[in-house]
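A.B. asks: Pasting the sequence and the predicted coordinates here, then a few questions.
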Amino acid sequence: MMPIIEKASGIITEEGGLTSHAAVVALNVGIPVVVGVDQALNKIQHGEEITIDPSNGNVYQGRTTVI
């Protein structure tokens with residue numbers, strides 16, 4: 001999985017917490033991560049552009065500037 005994770009702009013998971021494997025790996029690689037997003041696979045379509053706000057744990061549709 002590491003070659004794919006290293007190419008990712010960010011990681012979103014439906015389960016897990018800040019100490020989960022996905023969160024630890026993402027932080028070590030230096031990419032944003034949001035964990036515990038309910039129904040993420042149903043809400044985010046393949047190829048859809050989104051914005052990840054790891055500081056607040058939010059995911060936004062489209063490209064936006066997160067303050």
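C.D. replies: Perfect, thanks for sending it. All figures in this text were calculated on a predicted structure; none of them were measured in a lab.
A.B. asks: Could you list the low-confidence segments of this protein?
C.D. replies: 67 (pLDDT under 70).
A.B. asks: quick one: the helices in this protein?
C.D. replies: Using DSSP state H, the helices assigned to the chain run over residues 2-7, 21-29, 40-43.
A.B. asks: To residue 63, which of those helices lies closest?
C.D. replies: Judged by CB to CB, the one of these that comes nearest to residue 63 is helix 40-43, at 16.8 Å. C-beta here means a position set from N, CA and C on the backbone, and glycine is covered the same way.
A.B. asks: Run through who's touching the closest one.
C.D. replies: Applying CB atoms under 8 Å, 6 or more residues apart in numbering, the contact partners of helix 40-43 are 12, 13, 14, 37, 59.
A.B. asks: Stretch 49-58 too?
C.D. replies: 9-10, 12, 32-36, 44, 59-64, 66.
A.B. asks: Repeat the analysis, applying 6 Å as the threshold.
C.D. replies: When contacts are defined by CB atoms under 6 Å, 6 or more residues apart in numbering, stretch 49-58 is touched by residues 10, 32, 33, 34, 59, 60, 62, 63, 64, 66.
A.B. asks: any idea how far residue 42 is from the nearest residue in space to residue 61 that is not next to it in sequence?
C.D. replies: The shortest distance from residue 61 to any non-neighbouring residue, by CB to CB, 6 or more residues apart in numbering, is to residue 50 (6.1 Å). Residue 50 sits 14 Å away from residue 42, going by CB to CB, to the nearest Å.
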